[in-house]
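Asker: One predicted model, sequence on top.
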Amino acid sequence: MNNKSLITAALLALGFLSQTQAANTIYLTGSSAFRGNCFTVLSTATGVGGMFDATPDIATRGNATPSKAGQMLFHGNISGVEYYVSCYWSGSEAGIASVAGNSIDNSPFGVLPGTPGNSAFLKTDGTVAYTQVSSGATAGEKDPASLNGDLAMADTSKDVSLSSTFSVFDFGKVGIAPFTWVKCVQSSPLPALTAMDNITHAQIRVLLGFQQPAAFFTGNSAHANTTVYPIGRNKGSGTRVNALADSSYGITKPVQQFSINGIPFTGVGNANSLAVADNNGYESGGDVSKALRVDGTQSSTVDGNTGYITVGYLGIGDATASADAPNNLLAMTTSSWLKLNGVAESDGAIEEGQYSMWGNEHLYGPNGISGYKLAFGNSLKTKIGAVLGGGTPSANSSGIKLSFMHAEKATDVAVPTRL
């Protein structure tokens with residue numbers, strides 16, 4: 001065997017070449033709260049900490065801001081080998097289920113989005129246009145719904161997931177995923193909305209069971225005729241798992257949540273469309289953010305009262321957003337973030353153990369993952385960990401490096417303790 005044949009055989013064994021020289025494909029799924037951090041690494045070249053040899057071709061669907069899109073596709077070379085990386089950010093729980101091969105029944109709403117049989121990855125055959133589109137992918141742009149993920153980002157460990165009995169490969173902790181409770185945005189804020197600046201674990205446990213008068217949160221009887229409704233995620237969400245675990249509500253206990261403009265959120269925001277979602281919710285944090293930004297909730301008539309308030313839980317990347325006038329969505333800033341038990345979210349509050357609503361971000365793959373997919377996962381974990389924030393107490397990073405943490409959670413449901 002000549003030297004060229006020996007080199008080719010070695011590359012084949014490592015998984016960097018295939019017999020047909022076809023492009024390597026990676027299907028990445030999971031945490032919508034961490035998708036912005038993944039976008040940072042996947043959209044840039046190795047020279048600036050990215051995955052690709054040069055800036056890749058990029059297609060995004062589902063949000064006008066590419067880093068907040070629900071579906072992403074990256075195409076380029078990695079170490080001289082052609083790669084397609086297709087991302088579908090359906091939530092951490094759904095992501096773990098995807099790599100585990102666990103199709104989850106979300107009855108009466110069908111198979112949980114993002115789990116086997118209901119995935120929505122962009123095609124990796126070169127037919128998807130490299131454009132950034134605010135609406136979701138068309139049917140012709142999607143790969144078969146039966147595809148499972150190769151890698152999944154998760155805001156909590158497999159131990160507390162709906163796939164806890166399935167075997168998966170754990171690449172380990174990537175960083176810290178922070179979350180915050182957020183109140184809705186109104187162009188002419190109701191007095192109760194202005195007064196509401198804090199939420200407690202005890203209040204959360206009550207609210208997730210049934211809507212409550214604003215006076216329950218403000219302590220002002222004048223706000224008794226304004227009702228607060230929770231907006232949230234479906235059970236495929238790691239953000240939901242963190243919210244339920246942190247508040248001690250119970251991860252698997254059913255909630256009563258609401259939607260605005262339906263699930264998924266489509267078209268122009270209509271404040272009159274508030275509806276009970278029961279134990280269901282939105283597939284992504286981007287849709288929760290949109291629902292919380294629909295203008296007109298201060299003047300709509302609901303349950304016989306004029307004006308209402310919605311609150312929800314979000315990853316930091318979705319807790320700020322620009323106005324979208326054509327779709328009747330207002331801008332969201334940190335002024336809408338609620339303190340939790342009197343403590344405002346910040347990198348410093350998380351790092352020092354004052355603020356509890358955060359999770360350990362993991363990267364998972366199927367049991368037996370090998371070859372170029374294993375190598376890609378190891379590289380992705382390292383590179384994402386390197387671009388995370390932290391170390392600036394007043395900052396609100398969408399992910400915090402493990403090296404900055406002076407507090408830890410012994411389990412997914414534990415309170416923070418000092419290292």
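Answerer: Ah, there it is. Residues are numbered from 1 along each chain as shown.
Asker: how far is stretch 200-220 from where the chain is centred?
Answerer: The chain centroid and the centroid of stretch 200-220 are separated by 25 Å under CA atoms, centre = their mean, to the nearest Å.
Asker: Contacts for it next, please.
Answerer: Residues outside stretch 200-220 that contact it (CB atoms under 8 Å, 6 or more residues apart in numbering) are 181, 190, 192-193, 195-196, 198-199, 221-230, 232, 243-244, 246-249, 255-258, 309, 311, 340-342. C-beta: built from backbone N, CA, C; applies to glycine.
Asker: Just the buried residues of those.
Answerer: With burial judged by 16 or more other CB atoms under 10 Å, the buried subset of these is 181, 190, 192-193, 195-196, 198-199, 223, 225-230, 232, 243-244, 246-247, 249, 255-258, 309, 311, 340-341.
Asker: helices and strands of this structure: which one bottoms out on pLDDT?
Answerer: In the chain, the helix or strand scored least confidently by mean pLDDT, DSSP states H and E is helix 3-14, which has a mean of 44.
Asker: which outside residues touch the helix ranked longest in the chain?
Answerer: Looking across the chain with DSSP state H, the single longest helix is helix 371-387. When contacts are defined by CB under 8 Å, 6+ apart, helix 371-387 is touched by residues 14-16, 24, 26, 28, 34, 37-38, 40-41, 49-51, 78, 81, 83, 150-151, 169, 171-172, 174-175, 363, 365, 369, 399, 401-402.
Asker: from these, which ones fall inside strands?
Answerer: 24, 26, 28, 78, 81, 83, 151, 169, 171-172, 174-175, 363, 365 (DSSP state E).
Asker: Nearest residue to Ile199 in space, please, no chain neighbours.
Answerer: What sits nearest to Ile199 in space, not counting adjacent residues and going by CB to CB, 6 or more residues apart in numbering, is Leu338, at 4.8 Å.
Asker: low-scoring stretches of the stretch 301-419 of the chain, by residue?
Answerer: Within the stretch 301-419 of the chain, no stretch has pLDDT under 70.
Asker: which residues in it form helices?
Answerer: Here the stretch 301-419 of the chain has its helices, by DSSP state H, counting those that start in this stretch, at 347-351, 371-387.
Asker: Comparing these, which stretch has the densest surroundings?
Answerer: Comparing the helices of the stretch 301-419 of the chain by mean neighbour count (mean count of other CB atoms under 10 Å), helix 347-351 comes out on top with a mean of 22.
Asker: Report all helices and strands that that one contacts.
Answerer: Here helix 347-351 touches strand 168-183, going by 3 or more CB pairs under 8 Å, 6 or more residues apart in numbering; DSSP states H and E.
Asker: Try it again at 7 Å.
Answerer: Packing partners of helix 347-351 (3 or more CB pairs under 7 Å, 6 or more residues apart in numbering; DSSP states H and E): none among the helices and strands.
Asker: Among the contacts of helix 371-387, name the buried ones.
Answerer: Buried by 16+ other CB under 10 Å: 15-16, 24, 26, 28, 34, 37-38, 40-41, 50-51, 78, 81, 83, 150-151, 169, 171, 174-175, 363, 365, 369, 399, 401-402, out of those.
Asker: Now Ala152. Nearest residue, chain neighbours left out?
Answerer: Gly95 (3.3 Å).
Asker: that's a helix at the one you found, yeah?
Answerer: Yes: the assignment for Gly95 by DSSP: H, G, I helix; E, B strand; the rest coil puts it in a helix.
Asker: Counting neighbours, what do you get for it?
Answerer: 34 (other CB atoms under 10 Å).
Asker: Am I right that it is in contact with Asp150?
Answerer: No: checked against CB atoms under 7 Å, the pair Gly95 and Asp150 is beyond contact range at 10.9 Å.
Asker: What segments of the stretch 151-300 of the chain are strands?
Answerer: 151-154, 168-183, 198-199, 212-213, 227-231, 257-259, 275-278 (DSSP state E, counting those that start in this stretch).
Asker: and Lys173, what does it touch?
Answerer: Shown in contact with Lys173 (CB atoms under 7 Å, 6 or more residues apart in numbering): 360-362, 402.
Asker: which of those residues has the most neighbours?
Answerer: Glu361 (29 neighbours).
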